[in-house]
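Visitor: 3D model of this:
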Amino acid sequence: MKSLKIKEIANAIGADIVCGMPNDVVTRVSHDSRDAGSDALFFCLIGEKNDAHKFIPDVVEAGCTHVVISDIEALRPVTEKGVTALFVKDTKKALQDLAAWYLKEIGVTVIGVTGSVGKTTTKDMLTAICSQRYRTSATKGNYNSDIGLPLTALSLEEGTEVAVLEMGMDRPGQIDLLAKIARPKVAVITTIGSAHLEFFGKRENILKAKMEISNYLGAADSLVVNTDCDLLKPENVRGGYQLITAGRGMQNDYRISDVKNLGEEGFEFTLTNMWRSERFRVPVAGIHNAGNAAIAIAAAAQLNVTMSEAAKGLAGMVLTANRLSYVTNGKIKVLDDTYNASPESMRAAIDQLVATEGGKKIAVLGDMYELGEDTADIHQSMGEYAVGKGVDLVVGVGELGQLAAASAGTSGIMVPTKEKAVKVLRQTVKDGDVILVKASHAMDMGKIVQALIGE
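Guide: Residues are numbered from 1 along each chain as shown. From the prediction side, this is the model:
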């Protein structure tokens, strides 16, 4: 974040400076008392479990004397400590308002990315592509929420030209809020899947919620979609903006063809638009990612990034950790896809496991959450899918993961915990085998990966 005076921030968020020095300067914001220092403005956010106002004495002790509060009484323990305090009615809204103001202040062009599957991969691809022409920054980790996105925005350095901001959701209206903050010039929807069906009921409702990313697009702005998703057809996503389509069909603005799976080395594909065709080689596992690459190329093209620049960017890209990435200890290969899981991404990961050269193919599958009334059927179908694709062994971990193993018949082993899974795998796995580990983030299945490769 560029240096900002307290009075500038107060004006941006409609705050009253109740004590302290309006001309003091801060260079970053913090919502975590553990990293608040003398250069930070600490936002006292109120969550379901914690009220950060109670940490004001701790942050002041650590040298942070600039705070945003909604509770005047919280200042009593530090009244003699030289604290500068900005008072607002709602500290989270103040953080969001400051982020929206800051993005305009530094004049950055925003590309917003949402979708049920592939958000982070597409974000990583866009960052690599846009960096070929522009000074580009992007969402770090999973900072894609109503708190994470503002923190990402406020971490951007002055001079950043393009920001690729990931937008996640778990309820209607959340994407609208994030889009209102970010005001993307280019919006991207990767796919409409089954994640969050528990809350939305049907995929059409998920589409409606994801389409909120287009709410603030103007006639000169663009929405980019992957039409290989059955719900992302032009008739469902048109609006008062430029619609850019990518996919395998001939009708697309960017047409995917001749996709070749290179196993752990990634994949190749050809992309054709009205003006030219280009062959791309991408060092990312999974040919399903050809669709993500295509929409990333199409989105960057809206900012005048050429196909040649896109090819160079993609060739050198690096994925965020734990997204369908290979790790090895020199004896076995582990396909680590432990960051999160949905039915669509689990099937794609199984496909990649089968496409990987090696000995036995072993799928370690855990629970997937928020799938609604079809949860049991979906998990059972994963074991059947794996065996049908040629997986040699399905190890089902957890209450739901065991359903996948049960449906795999004699090729399935059910275990209740990660620890039992590691024990079974150590007894089963031989040198040269390939193991996929996949489940929802809350399962913390990365511990299985670490155990297998000896970290």
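
Visitor: need the strands for the stretch 51-200 of the chain, in chain order.
Guide: In the stretch 51-200 of the chain, the strands defined using DSSP state E, counting those that start in this stretch lie at 66-69, 84-87, 109-114, 136-138, 162-166, 186-189.

Visitor: Please identify the deepest-packed of those strands.
Guide: strand 186-189 (a mean of 29; mean count of other Cβ atoms under 10 Å). The way it works is simple: take the backbone N, C-alpha and C, and place the C-beta from them, glycine included.

Visitor: Given it, what are its sheet partners and their directions?
Guide: strand 109-114 (parallel), strand 222-226 (parallel) (DSSP bridges).

Visitor: Contacts for the longest one next, please.
Guide: This means strand 109-114. Residues lying outside strand 109-114 but in contact with it, judged by Cβ atoms under 8 Å, 6 or more residues apart in numbering, are 103, 119, 122-123, 126, 130, 134, 161-169, 175, 178-179, 182-190, 210, 213, 299-300, 303.

Visitor: Please list only the buried members of those.
Guide: Among the contacts of strand 109-114, the ones that count as buried by 16 or more other Cβ atoms under 10 Å are 103, 119, 122-123, 126, 130, 134, 161-169, 175, 178-179, 182-190, 210, 213, 299-300, 303.

Visitor: Would you mind listing where the stretch 151-300 of the chain has pLDDT under the threshold?
Guide: Of all residues in the stretch 151-300 of the chain, none has pLDDT under 70.

Visitor: one step back: sort out for me which of the contacts of strand 109-114 are in helices.
Guide: Residues of the contacts of strand 109-114 located in helices (DSSP state H): 103, 119, 122-123, 126, 130, 175, 178-179, 182, 210, 299-300.

Visitor: Serialize these to TSV and add fields for distance to Leu232.
Guide: Listed next are the ones in helices among the contacts of strand 109-114 as TSV, based on distance: Cβ to Cβ, whole Å:
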residue	distance to Leu232
Leu103	27
Lys119	14
Thr122	13
Lys123	18
Leu126	18
Cys130	22
Ile175	15
Leu178	19
Ala179	17
Ala182	21
Lys210	9
Ala299	14
Ala300	19
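
Visitor: List just the nearest of those to Glu399.
Guide: Nearest to Glu399 among the ones in helices among the contacts of strand 109-114: Lys119, at 27.0 Å, using Cβ to Cβ.

Visitor: For Asn226, see how far away that closest one is.
Guide: With distances taken as Cβ to Cβ, to the nearest Å, Lys119 is found 12 Å from Asn226.

Visitor: same question, Asp124
Guide: Noted for Asp124: a distance of 16 Å to Asn226, by Cβ to Cβ.

Visitor: Show the pLDDT at Asn340.
Guide: Asn340 carries a pLDDT value of 88.

Visitor: Who are the contact partners of the residue nearest to the spatial centre of the chain?
Guide: The centre of the chain sits closest to Thr120, judged by Cα atoms, centre = their mean, with a distance of 3.7 Å. Taking Cβ under 8 Å, 6+ apart, we find Thr120 in contact with Thr139, Asn142, Glu166, Leu319, Thr320, Arg323, Tyr339.

Visitor: Now a ChimeraX select for only the buried ones of those.
Guide: Selection of buried members from the contacts of Thr120 for ChimeraX, criterion 16+ other Cβ under 10 Å:
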select :139,166,319,320,323,339
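
Visitor: Among the contacts of Thr120, name the ones in helices.
Guide: Among the contacts of Thr120, no member lies in helices (by DSSP H).

Visitor: ok, the contacts of Thr120 vs Ser257, which is closest?
Guide: Nearest to Ser257, judged by Cβ to Cβ, of these is Leu319 at 23.8 Å.

Visitor: ok, for the closest one, nearest residue in space, not its chain neighbours?
Guide: In space, and not counting its chain neighbours, Leu319 is closest to Asp124: 5.3 Å by Cβ to Cβ, 6 or more residues apart in numbering.

Visitor: Would you agree that neighbour is in contact with Met317?
Guide: Yes - contact status for Asp124 versus Met317: in contact at 6.1 Å, counting by Cβ atoms under 8 Å.
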